[in-house]
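Trainee: Fold the following.
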Amino acid sequence: MTHPIRLVSLFVCLCLSLSVAVLPARSQRSSVSLDRRDRSVEYRRDPSSAALSWANEELRDMSMDEKIGQLISVGINATFLNQDSDAYKALKRQVEENHIGGIILFRGPVYESVVLVNRMQQVARFPLLISADLEAGAGMRFDDTVNFPWNMALGATGNPDYARRQGEITAREARALGVYHVFAPVVDVNNNAANPVINVRSYGEDPKEVARFAAAFTKGAQSRGVIATAKHFPGHGDTAVDSHRGLPEINVNRERLNSVEFVPFQAAVDADVGSVMVGHIALPQIDSTAIKALPKTVKAKPQDTDEAGEIVEEKATMPATMSPVMGRILRDDLKFPGMIVTDALSMSGLTIYFTQDEAAVRALEAGADMLLKPADVDAAFRGVREAVKSGRLTEKRIEESARKILAAKYDLGLVTQRFIPIDPIDRTVGSKDVGELATEIAEHAITLVRDEDKLIPLSALKPDAKIVNIAITNGDDRLTVANVFAARMARAGRKLDTVVLDERSTEQEQQKAIELAKSADLVIASMYGRVRSGQVSSVGLPAAGAKVLTTVIGGKAPVIGISFGNPYLLQSFSGLRTYLVGYGDMPSLQQAMARAVLGEIDIVGKLPISLPGLYPRGTGIQLKAATK
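Mentor: Numbers count the residues shown, from 1 in each chain. Have a look, this model is predicted:
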């Protein structure tokens, strides 16, 4: 007997398949009259002749508004939406009236995301290109799916093949979820220890190593039929400002860019990467055009941070997203012919200085093809339309970008199959091999930077030793943050007394942690200083936790410091005599860290970055497992 849920899934798939019959006749005619070049599943940057023929045929019949709409992608956090709800109607209006070309999926449940995308594909005249930031796999955006370790963990393994395999699996899961444009890999060279937004999202600080991993991910992902995206051009690694909060600056010359920042971008281009994302980053030695902050009465309200979190420089220079100089460098010098996409137009690094209508026009003037996540979609659309009417932008310029986007949709197979079948999702997404790869990467990434008292592994510690785990988090997750690590330790017979500290911790809670540490045989300082885009507290530890940790380091009990995020934390707590880095808080990394501390696995990771004044890149004490 067929399971009732499976019947519902089959019914939904059938209904969505039948809905193709009501698509505009023009799109039907084009899709069946042109054969898609046989690429198996692989996506190649150069469009097929069939794709270009189809795109040109569509462009001949499209209105100017439809052409402009193809260049705009809106961002959504997918949830269940009743079709009579204001949120549903607002998104549907963007598809029908502004003719948007794509949707960017942020955090949301799997099935709600897929159903909502299918609904929008159903009302769209042209297939929508769905995209998502999947830097750490599907788990970065879709609830209850697997998060791969951050890129810096892959860098710590020294093995680019992990990036290739991650790219393949990410693409497979993305396509099953209807995502064909993946905003990954991050190819920024993180050579600034104070970077608050890239950090562990980077493969490391060595340009050639970052290039190897970037090319591997790109090839893996595109071999399985998605567009990969190298970001954030010209490089967001040597910055101390989060572009979600303000405009970062890289004040270096072209020679330096050629030898550092551009190296992994060139490798990605040579690997046939389909798109490049340009960041809101000022380069005064390359484009010194001065810009000023908008008056508060004109400036849009921040969307990716809050008013207090914005970093406003009254005078700055042109961000790369708005700079024709940077656009020419990418096109002419790096020889990139693919799609140029902007970073989100809603970010404060842009909105502090430009209105949304002006930003959209300037981005196209600078060479962008796709305008991502405008803070005001109507204003961006209106700005481009007015620029065409006034002659500031030509119809040819709009068609140039629309042609690239339409051709990509054709070669991705969206013209003939734009809907996502529901039934196969739970057989494709989150399958066994996804978790196995995440675990394998994690277990090869754990890095033992320092162990002056030979505390690792814990096999020398008496079985009934009292271990206090002081977990310090910069997130709002005090009830769950340490659970995975503590549970894995407990499975091995090492029960932890865990106390969690965050920015809300009271003096009483701080004192409790200190008193617990005084009675311990061993203290584990679990430091969850994670990257939190747009947040003032990104990559750092809250003051309460830092205060307790400083006190505990000076106590009698030995302390093992573990970074489940920002690897540079040892600079702030150099008194830690034992220090391990996990590069993230993903379950795979927390479990691998527990196994490494317990001596159950070899410790083989090496720092892909230097800890300035302490340890060079490549540092990593190699230990064989105490037990197998």
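Trainee: Tell me who's in contact with the nearest residue to Asp433 once chain neighbours are set aside.
Mentor: Computed as Cβ to Cβ, 6 or more residues apart in numbering, the closest residue to Asp433 that is not its neighbour in sequence is Ile169, at 7.0 Å. The C-beta positions use only the backbone N, C-alpha and C, and glycine is treated the same way. The neighbourhood of Ile169, defined by Cβ atoms under 8 Å, 6 or more residues apart in numbering, consists of 137, 433-434, 437.
Trainee: Would you mind listing which of these are buried?
Mentor: Among the contacts of Ile169, those classed as buried by 16 or more other Cβ atoms under 10 Å are 137, 434, 437.
Trainee: Quick check: which element contains the last one?
Mentor: Counting by DSSP states H and E, the element that carries Leu437 is helix 432-445.
Trainee: for that helix, packing partners?
Mentor: The elements that helix 432-445 packs onto, with contact taken as 3 or more Cβ pairs under 8 Å, 6 or more residues apart in numbering; DSSP states H and E, are helix 151-157, helix 160-176, helix 587-598.
Trainee: Look up how far Val210 lies from the nearest residue to Ser572 once chain neighbours are set aside.
Mentor: Excluding the flanking residues, the one nearest Ser572 by Cβ to Cβ, 6+ apart is Ala546, at 7.2 Å. Applying Cβ to Cβ, to the nearest Å, the value for Ala546 to Val210 is 30 Å.
Trainee: the more surrounded of the two?
Mentor: Higher neighbour count among Ala546 and Val210: Val210, with 32 against 18, using other Cβ atoms under 10 Å.
Trainee: orientation of the helix or strand where the more buried one lies relative to helix 160-176 in degrees?
Mentor: Assigned by DSSP H and E, Val210 belongs to helix 207-222. Inter-element angle recorded for helix 207-222 and helix 160-176: 30 degrees (by axes from the mean of the first three to the mean of the last three Cα atoms, to 10 degrees).
Trainee: how distant is helix 207-222 from the center of its chain?
Mentor: 15 Å (Cα atoms, centre = their mean, to the nearest Å).
Trainee: for it, packing partners?
Mentor: Helices and strands touching helix 207-222, by 3+ Cβ pairs under 8 Å, 6+ apart, are helix 151-157, helix 160-176, helix 262-270.
Trainee: Could you dump those into JSON lines with mean pLDDT added?
Mentor: Output for these, formatted as JSON lines (pLDDT from 0 to 100):
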{"stretch": "helix 151-157", "mean pLDDT": "98"}
{"stretch": "helix 160-176", "mean pLDDT": "98"}
{"stretch": "helix 262-270", "mean pLDDT": "98"}
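Trainee: So which of these is nearest Thr498?
Mentor: Nearest to Thr498, of all the helices and strands packed on helix 207-222, is helix 151-157, at 23.4 Å by Cβ to Cβ.
Trainee: Pull out the buried positions in that closest one.
Mentor: 151-157.
Trainee: where does Ser526 fall, phi/psi-wise?
Mentor: phi -90, psi 110 (degrees, to the nearest 10).
Trainee: just so I have it, where are all the helices in the stretch 401-550 of the chain?
Mentor: Using DSSP state H, counting those that start in this stretch, the helices of the stretch 401-550 of the chain run over 425-428, 432-445, 483-491, 507-518, 543-553.
Trainee: quick one: low-confidence parts of the stretch 1-150 of the chain?
Mentor: 1-40 (pLDDT under 70).
Trainee: hmm, I was thinking of the stretch 201-350 of the chain
Mentor: In the stretch 201-350 of the chain, no residues with pLDDT under 70.
Trainee: got a list of what the residue nearest to Ser572 touches?
Mentor: With Cβ under 8 Å, 6+ apart, Ala546 has these contacts: 472, 572-573.
Trainee: what's around the residue nearest to Asp144 when sequence neighbours are not counted, how many residues?
Mentor: Take Asp144 and drop its neighbours on the chain: the residue closest to it by Cβ to Cβ, 6+ apart is Val110, 6.7 Å away. By other Cβ under 10 Å, the residues close to Val110 number 22.
Trainee: pretty sure Val110 contacts Asp143?
Mentor: Yes - using Cβ atoms under 8 Å, Val110 is in contact with Asp143, at 6.7 Å.
Trainee: how about Ile329, secondary structure?
Mentor: Under DSSP: H, G, I helix; E, B strand; the rest coil, the three-state class of Ile329 is helix.
Trainee: can you tell me how far it sits from Gly235?
Mentor: 12 Å.
Trainee: And these two? Which one has more around it.
Mentor: More crowded of Ile329 and Gly235, by other Cβ under 10 Å: Gly235, with 30 against 23.
Trainee: Tell me which residues touch the more buried one, please.
Mentor: Gly235 is in contact with 188-189, 250, 257, 260-262, 265, 279, 281, counting by Cβ under 8 Å, 6+ apart.
Trainee: And for Ile553?
Mentor: Ile553 touches 525, 559, 573, 575-576, counting by Cβ under 8 Å, 6+ apart.
Trainee: follow-up on the earlier one: what confidence value was assigned to the residue nearest to Ser572?
Mentor: Looking at Ala546, its pLDDT reads 98.
Trainee: same check, this time on Asp476
Mentor: 95.
Trainee: what separates it from Lys301, distance-wise?
Mentor: Taking Cβ to Cβ, one finds Asp476 at 22 Å from Lys301.
Trainee: what does Gly582 give?
Mentor: On the measure of Cβ to Cβ, Gly582 and Lys301 end up 37 Å apart.
Trainee: Give me the more crowded residue out of these two.
Mentor: Using other Cβ under 10 Å as the criterion, Gly582 and Lys301 rank with Gly582 on top: 33 against 9.
Trainee: Backbone dihedrals for that one, please?
Mentor: Torsion angles, degrees, to the nearest 10, at Gly582: phi -110, psi -10.
Trainee: residues touching it, list them.
Mentor: By Cβ under 8 Å, 6+ apart, the neighbours of Gly582 are 153, 442, 445-446, 562-565, 589-590, 592-593.
Trainee: about what we covered before: mutual contacts of Ile329 and Gly235, please.
Mentor: With Cβ under 8 Å, 6+ apart, Ile329 and Gly235 have no common neighbours.
Trainee: that older thread, what would the helices of the stretch 401-550 of the chain look like in a markdown table with distance to Pro324?
Mentor: Output for those, formatted as a markdown table (distance: least, Cβ to Cβ, whole Å):
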| stretch | distance to Pro324 |
| --- | --- |
| helix 425-428 | 42 |
| helix 432-445 | 40 |
| helix 483-491 | 48 |
| helix 507-518 | 53 |
| helix 543-553 | 44 |
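Trainee: quick one: which of those helices is nearest Thr627?
Mentor: The nearest among these, by Cβ to Cβ, is helix 483-491 at 13.4 Å.
Trainee: Read off the pLDDT value for the nearest residue to Gly155 once chain neighbours are set aside.
Mentor: Excluding its sequence neighbours, the residue lying closest to Gly155 (Cβ to Cβ, 6+ apart) is Pro608, at 3.3 Å. Listed pLDDT for Pro608 reads 98.
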